[in-house]
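Asker: need the 3D shape of this:
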Amino acid sequence: MSLTLSTSTLQDYPARYLAAWNQRDIATALMVVHPQVHWVDPLLPQPLTDHDGAAAFFVGAWQGFPDLTFHAVGDPLVDIQAGRVAAEWRMTGTHTGEFPPGAPISGNAFEVFGTDVWQVDADGRATSVRAYYDSLTLLRAIGLAGNSAGGQS
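Answerer: Down below sits the predicted model:
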């Protein structure tokens with residue numbers, strides 16, 4: 001195990017994380033996440049805290065959106081002193097599987113922009129993942145939320 005977190009480990013982490021989502025192999029995906037992770041996402045009712053939760057989230061998203069793809073937007077922002085890195089991304093996909101569980105399949109495509117902030121250990125695994133995106137944009141695109149504002153129809 002490494003004792004020192006390098007700038008390159010942080011700089012390279014977002015690309016590794018997005019590639020983990022895009023390749024759809026759970027063993028590979030879990031290699032970028034620490035076994036005791038603290039993962040917060042707008043679509044999760046509570047933070048994920050371990051590999052079991054992370055695996056369920058990866059697999060559920062891949063089943064609901066078989067063509068789910070993340071694209072990096074710009075260069076990551078690195079805070080070497082805090083062991084943190086942030087990066088913007090664009091997520092695209094089509095709702096052709098059941099996600100969330102029990103929801104009707106819409107067949108709708110979506111595009112959502114967001115940013116993740118990761119705390120990364122010296123071995124290049126996220127100990128913390130904090131996702132920031134407008135989940136309502138995603139839910140509207142796949143037909144699970146209305147498009148009107150202010151309660152008027």
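Asker: neighbouring contacts of stretch 46-56?
Answerer: 26, 29-30, 33, 35-41, 57 (C-beta atoms under 8 Å, 6 or more residues apart in numbering). C-beta here means a position set from N, CA and C on the backbone, and glycine is covered the same way.
Asker: which of those fall in helices?
Answerer: 26, 29-30, 57 (DSSP state H).
Asker: contacting residues around the longest helix seen in the chain?
Answerer: Counting residues, the longest helix found in the chain (DSSP H) is helix 7-23. Residues outside helix 7-23 that contact it (C-beta under 8 Å, 6+ apart) are 28-29, 31-32, 58, 61, 68-72, 76, 78-80, 83-85, 87, 89, 116, 118, 120, 122, 124, 126.
Asker: if any of these are buried, put those into a PyMOL selection.
Answerer: To isolate the buried ones among the contacts of helix 7-23 in PyMOL, judged by 16 or more other C-beta atoms under 10 Å, type:
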select buried, resi 29+32+58+61+68+70+76+78+83+84+85+87+89+116+118+120+124+126
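Asker: from the contacts of helix 7-23, which land in strands?
Answerer: Within those, residues falling in strands by DSSP state E are 69-72, 76, 78-79, 84-85, 87, 89, 116, 118, 120, 126.
Asker: from those residues, which is closest to residue 108?
Answerer: Nearest to residue 108 among those: residue 69, at 15.6 Å, using C-beta to C-beta.
Asker: what separation is there between the spatially most central residue of the chain and residue 36?
Answerer: Nearest to the geometric centre of the chain sits residue 131, at 6.3 Å (C-alpha atoms, centre = their mean). Between residue 131 and residue 36 the distance, using C-beta to C-beta, to the nearest Å, works out to 18 Å.
Asker: and what of residue 109?
Answerer: From residue 109 to residue 36 the distance is 35 Å (C-beta to C-beta).
Asker: who has more neighbours, the two?
Answerer: Neighbour count, other C-beta atoms under 10 Å: between residue 109 and residue 36, residue 109 has more, with 14 against 10.
Asker: pLDDT score assigned to the more buried one?
Answerer: In the predicted model, residue 109 carries a pLDDT score of 96.
Asker: just the C-alpha atoms of stretch 59-67, please, in CSV.
Answerer: Provided in CSV are the C-alpha atoms of stretch 59-67 (Å, rounded to 0.1, in the frame of the first residue of the first chain):
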residue,chain,number,x,y,z
VAL,A,59,-25.6,-2.7,-11.6
GLY,A,60,-29.0,-0.9,-11.1
ALA,A,61,-28.0,2.0,-13.3
TRP,A,62,-26.5,-0.3,-16.0
GLN,A,63,-29.7,-2.3,-16.0
GLY,A,64,-31.9,0.7,-16.2
PHE,A,65,-29.8,2.5,-18.8
PRO,A,66,-27.9,-0.1,-20.8
ASP,A,67,-26.2,2.6,-22.9
